[in-house]
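# whatever this is, show me its structure:
(chains A and B)
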Protein chains: 2
Amino acid sequence: MGKTAMGPQTLIYPMPTLLVGADIDGKPNFMAVAWGGIAGSDPPMVSVAIRHSRYTLKGIRQNMAFSVNVPSADMARETDYCGIISGAKVDKVGVCQFEVFYGEVDNAPLIEQCPVNMECRVVHMLDLGSHSLVVGRIEETHVSEACLTDGKPDVSKIRPFAFNTTTLQYQALGEVVGKAFSMGRELKTQ
Amino acid sequence: MGKTAMGPQTLIYPMPTLLVGADIDGKPNFMAVAWGGIAGSDPPMVSVAIRHSRYTLKGIRQNMAFSVNVPSADMARETDYCGIISGAKVDKVGVCQFEVFYGEVDNAPLIEQCPVNMECRVVHMLDLGSHSLVVGRIEETHVSEACLTDGKPDVSKIRPFAFNTTTLQYQALGEVVGKAFSMGRELKTQ
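Numbering: from 1, shown residues only, chains lettered A, B, ... in the order given. Prediction:
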């Protein structure tokens, strides 16, 4: 079987499902983002791609600060809501009953119910056409104590979920395929 | 239960597992990358974070071109190998028995066995400290015909896998949590 050329498509699998937060005119707001990830380790960095028209981007520009929150599968409904509705129209924090807290970074609102929260300061904003690629330095990370095992974040308790760009479904993580930095060693001796 | 502050950590879940390709001194090479994702839709863009010392980055700089290939779970061993070994030392294409092909973009090598391949031209390279964030415009996408259903990419056939940054395990996708741009509508009427 061969290949089919499909024109330029945004087909990365899996994509994360994240809630990006910012204060806009002094009030916290959150949007769902699948186009985000880690951008560096020293210092720790994240990047998120946000459409220019989004209300959350206005807040990021106001304060040059934002948060990245990892929701668990039992928050999929609220997360989806934050991707459908604009904070310019409704108070999403109220509708979703998010308990918001702040850490070190002013104006980087964090969601108590999300197992993992990262506070970020903007270091770059790249205009890429439809989207702005916002690159932030991670200043502090918070993890829910209920999602730790032996002091380490436990993904089976965090229960993150992926966004499937083709089916438009949210999917949990499944079976373990293998051990990283390990299973490939078999090929070294061949 | 409360929160534990853990200092700045790179805790995004799930992360994808990707094979990024480049020609270095005229020969194709691939590295495993978990820190990558979509960066825009119009035009379609990707970003990948690569440590400055990596051999693949040398090739990306030489040609300002690269590829992003999505491996399937049955390629986890080869993918892991490409994350362990440097192409400066061995011919990874030979060891992994990758069948390499090229499309529109010169010097963006693609792996036949990977269900999804994106050809990219570099539009930005940001120095973020330990890593360079490479932003590329997706010029063409190829999907294996065996992974299409009714002409659309089928994630159940692609079988992509996530990289779990805490357990260092590769994980397949699991149960469907819900429908995006849909399940959140329930909250609109509350």
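
# mind showing which ranges of chain A have poor pLDDT?
A:1, A:189-190 (pLDDT under 70).

# dump the lengthiest strand in chain A to PDB, keeping only the CA atoms.
Criterion DSSP state E: the longest strand present in chain A is strand A:131-144. The C-alpha coordinates for strand A:131-144 follow below in PDB (Å, rounded to 0.1, in the frame of the first residue of the first chain):
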ATOM      1  CA  HIS A 131      -2.500  32.100  15.300                       C
ATOM      2  CA  SER A 132      -0.100  33.700  17.700                       C
ATOM      3  CA  LEU A 133       2.500  31.200  19.100                       C
ATOM      4  CA  VAL A 134       2.900  32.300  22.700                       C
ATOM      5  CA  VAL A 135       6.100  31.000  24.400                       C
ATOM      6  CA  GLY A 136       6.200  31.200  28.100                       C
ATOM      7  CA  ARG A 137       8.700  30.400  30.800                       C
ATOM      8  CA  ILE A 138       7.300  28.100  33.500                       C
ATOM      9  CA  GLU A 139       7.900  29.800  36.800                       C
ATOM     10  CA  GLU A 140       6.100  27.400  39.100                       C
ATOM     11  CA  THR A 141       4.200  24.100  38.900                       C
ATOM     12  CA  HIS A 142       1.500  22.900  41.200                       C
ATOM     13  CA  VAL A 143       0.200  19.400  41.400                       C
ATOM     14  CA  SER A 144      -2.800  18.200  43.400                       C
END
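
# what lines up beside that strand in the sheet?
With DSSP bridges as the test, strand A:131-144 is paired with strand A:44-51 (antiparallel), strand A:116-127 (antiparallel), strand B:3-5 (antiparallel).

# list the buried residues of it.
By neighbour count with 16 or more other Cβ atoms under 10 Å in any protein chain shown, strand A:131-144 contains the buried residues A:131-144. C-beta coordinates here come from the backbone N, C-alpha and C atoms, glycine included.

# closest to A:Ser41 out of those residues?
Distance to A:Ser41 across the buried residues of strand A:131-144 (Cβ to Cβ) is lowest for A:Ile138, with 9.9 Å.

# doesn't A:Asn29 make contact with A:Val93?
Yes: between A:Val93 and A:Asn29 there is a contact under Cβ atoms under 8 Å: 7.2 Å.
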